[in-house]
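1. Okay, structure incoming, though there's no sequence with it:
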């Protein structure tokens, strides 16, 4: 086993960058520890698993309580931006879903994630002396030469030694999309863009860090432009409207707000991730262990490509596993039925997750700048429900109507037509998500996604916002 390419110091530095209230550290530590114990027990010998399955189920209850306390503790002082508490709730929901997957769903199919060697991995062998004094290759711990591994060896066996089980547990616990601490491997559930990722800068740490710094600066400027654009529309701040975007009389302004909010949502993911990846690589991590959080979503050539490959895969495995458990009684049905049903269930789960996050998010206390902070009062927030539950319909229209219409055209024609449909669909339905995001107070006057504004500084002299 190669050494980890992500030193613990990198993770400690990453945790320091998060604005987590200190009181949350106790419950988060306990929740993560319980989840780690549950993962570790799945590696113990089979003869113990009958007893351990009940232990995992029992441990999942206090583990879920710890994550709930971490995400929505009443002890928190609402002095941070609401985006901070939105992040806490997201981590809490993910932790509970991981407990559900590890402690309950696993009992249906016995699935245990495995390490998978990258296709570019070359296994070490040593040079040994032949009787005639000639050098030949042999396995061992001597001088190393390298050769490509054959495909059947890509999937590694589960570890059996205690310290390797600990490494397995920590690696699986901290890599939610299938990447790994180890530069030579990923997890077997990793999407293709993660398992085959190679930075444009190669394996050079200096070039990777420089490219990330340039990317962060460019993304920050885009965030500044979009934040300025959204806040410049006074109607968005109308407290009388629960639908601040779709009540615009101008459709172009609705679409502009949809594009701005949806792009800002992407930047909320990419800017922190780029910062963390640059920090970790500077501390010794391999650049190949940090694939982008999203895979060029704005260049997606179809709606299926956007949701299947372009958008982030943070919840991909847990949503897939939960949908599999829901459809377990129907597992003998046709593959096309199962695929369609899983798409609907996954978007339903995503809608539920976002409803929980937005509707349980407490507003900041009233202030002179924001005397009446807004928040969603009902669990059934219509904008979120319409946006997420309309996506399976869009995928069906694309596959059943759009693609057959252009089937006889060239590949370029097919891609362009599907691209136009995808972005028309996303911009139109994105208006509902913009209603939910802005109507929930995420752009209230006291919310600050950025602190320093070059655009507003140059235009109005307001450098600090």
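-> On my side now, so go ahead. None of the values given here were measured: they were computed from a predicted structure.
2. What residues of the longest helix along the chain count as buried?
-> Ranked by residue count and defined by DSSP state H, the top helix of the chain is helix 251-282. Using 16 or more other C-beta atoms under 10 Å as the burial criterion, the residues of helix 251-282 that qualify are 254-264, 266-268, 270-281. Any C-beta I mention is one placed from the backbone N, CA and C, and that applies to glycine too.
3. for stretch 327-343, same thing?
-> Buried residues in stretch 327-343, counted by 16+ other C-beta under 10 Å: 338, 341-343.
4. distance between the ends of that stretch?
-> End-to-end distance of stretch 327-343 (C-alpha to C-alpha, to the nearest Å): 12 Å.
5. mind listing the helices for the stretch 151-300 of the chain?
-> Taking DSSP state H, counting those that start in this stretch as the criterion, the stretch 151-300 of the chain carries its helices at 162-174, 192-195, 205-231, 251-282.
6. After the last one, which helix or strand is next? Please name it.
-> The C-terminal neighbour of helix 251-282 among helices and strands, as given by DSSP states H and E, is helix 303-305.
7. just checking, what packs against that following helix?
-> Packing partners of helix 303-305 (3 or more C-beta pairs under 8 Å, 6 or more residues apart in numbering; DSSP states H and E): helix 382-397, helix 411-439.
8. Could you export those helices to CSV, including columns for mean neighbour count and distance to residue 32?
-> Shown next, in CSV, are those (neighbours: other C-beta atoms under 10 Å; distance: least, C-beta to C-beta, whole Å):
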stretch, mean neighbour count, distance to residue 32
helix 382-397, 19, 28
helix 411-439, 19, 29
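9. hey, least reliable of these by pLDDT?
-> When those are compared by mean pLDDT, helix 411-439 comes last with a mean of 91.
10. Could you name the helices and strands sitting against that helix?
-> Using 3+ C-beta pairs under 8 Å, 6+ apart: helix 411-439 touches helix 251-282, helix 303-305, helix 335-359, helix 382-397, helix 403-405.
11. can I get those in CSV with distance to residue 220?
-> Shown next, in CSV, are the helices and strands packed on helix 411-439 (distance: least, C-beta to C-beta, whole Å):
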stretch, distance to residue 220
helix 251-282, 7
helix 303-305, 27
helix 335-359, 24
helix 382-397, 27
helix 403-405, 38
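12. between the ones you listed, which one is nearest to residue 72?
-> The closest of those to residue 72 is helix 335-359. By C-beta to C-beta, the value is 9.6 Å.
13. starting at the chain centroid, how far to that closest one?
-> 16 Å (C-alpha atoms, centre = their mean, to the nearest Å).
14. Same question for stretch 208-215.
-> 21 Å.
15. cool, and stretch 430-446?
-> 21 Å.
16. now for the helices of the stretch 151-300 of the chain, which one comes closest to residue 64?
-> The nearest among the helices of the stretch 151-300 of the chain, by C-beta to C-beta, is helix 162-174 at 16.1 Å.
17. and that closest one, what does it pack onto?
-> helix 24-41.
18. who touches residue 173 in this structure?
-> Residues in contact with residue 173 (C-beta atoms under 8 Å, 6 or more residues apart in numbering) are 32, 35-36, 39.
19. let's see it at 6 Å
-> Going by C-beta atoms under 6 Å, 6 or more residues apart in numbering, residue 173 touches residue 36.
20. Just the local confidence number for it, please.
-> For residue 173, the pLDDT comes out at 93.
21. any idea how far the residue lying closest to residue 66 once chain neighbours are set aside is from residue 100?
-> Excluding its sequence neighbours, the residue lying closest to residue 66 (C-beta to C-beta, 6 or more residues apart in numbering) is residue 31, at 3.4 Å. Using C-beta to C-beta, to the nearest Å, one gets 13 Å for the distance from residue 31 to residue 100.
22. Which one's more surrounded, the two?
-> residue 31 (26 against 17; other C-beta atoms under 10 Å).
23. any idea how far that one lies from residue 44?
-> 21 Å.
24. For the residue nearest to the spatial centre of the chain, give me its contacts.
-> The C-alpha lying nearest the average C-alpha coordinate of the chain belongs to residue 314 (C-alpha atoms, centre = their mean; 2.5 Å). Residue 314 sits next to residue 176 when contact means C-beta under 6 Å, 6+ apart.
25. One more pass at 10 Å, please.
-> Contacts here follow C-beta atoms under 10 Å, 6 or more residues apart in numbering; on that basis residue 314 touches 90, 94, 176-177, 269, 293-294.
26. What distance do you get for it to residue 398?
-> Per C-beta to C-beta, residue 314 is found 24 Å from residue 398.
27. Residue 347 is in contact with residue 386, isn't it?
-> No: taking contacts as C-beta atoms under 10 Å, residue 347 lies outside contact range of residue 386: 11.5 Å.
28. Excluding covalently adjacent residues, which one is nearest to residue 262?
-> residue 430 (4.7 Å).
29. Serialize the helices of the stretch 151-300 of the chain to CSV and add fields for distance to residue 244.
-> CSV is the format used below for the helices of the stretch 151-300 of the chain (distance: least, C-beta to C-beta, whole Å):
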stretch, distance to residue 244
helix 162-174, 38
helix 192-195, 35
helix 205-231, 10
helix 251-282, 8
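30. ranking these by mean pLDDT, which is last?
-> helix 192-195 - the lowest mean pLDDT of the helices of the stretch 151-300 of the chain, at a mean of 84.
31. For that one, name the packing helices and strands.
-> Applying 3 or more C-beta pairs under 10 Å, 6 or more residues apart in numbering; DSSP states H and E, we find helix 192-195 packed against strand 185-187.
32. Tell me the buried residues in the strand it packs on?
-> Buried residues in strand 185-187 (16+ other C-beta under 10 Å): 185-187.
33. who's in contact with residue 116?
-> Going by C-beta under 10 Å, 6+ apart, residue 116 touches 154-156, 178, 180, 185-190, 195.
34. Residue 188 and residue 113, how far apart?
-> On the measure of C-beta to C-beta, residue 188 and residue 113 end up 6 Å apart.
35. Low-confidence ranges, the chain, go.
-> Where the chain drops to pLDDT under 70, the residues are 1-21, 78-80, 120-153, 233-241, 249, 363-378.
36. sorry, back to before: orientation of the longest helix of the chain relative to helix 411-439 in degrees?
-> With axes from the mean of the first three to the mean of the last three C-alpha atoms, to 10 degrees applied, the angle from helix 251-282 to helix 411-439 works out at 90 degrees.
37. how far out from the middle of the chain is helix 251-282?
-> 13 Å.
38. Just say helix, strand or coil for residue 362.
-> coil (DSSP: H, G, I helix; E, B strand; the rest coil).
39. and it, how many neighbours does it have?
-> Neighbour tally, residue 362, other C-beta under 10 Å: 13.
40. what separates it from residue 443, distance-wise?
-> 17 Å.
41. about what we covered before: quick one, which of residue 188 and residue 113 is more surrounded?
-> Per other C-beta under 10 Å, whichever of residue 188 and residue 113 has more neighbours is residue 113, with 19 against 16.
42. ok, back up a step: just checking, what packs against the longest helix of the chain?
-> Applying 3+ C-beta pairs under 10 Å, 6+ apart, we find helix 251-282 packed against helix 8-17, helix 82-100, helix 205-231, helix 411-439.
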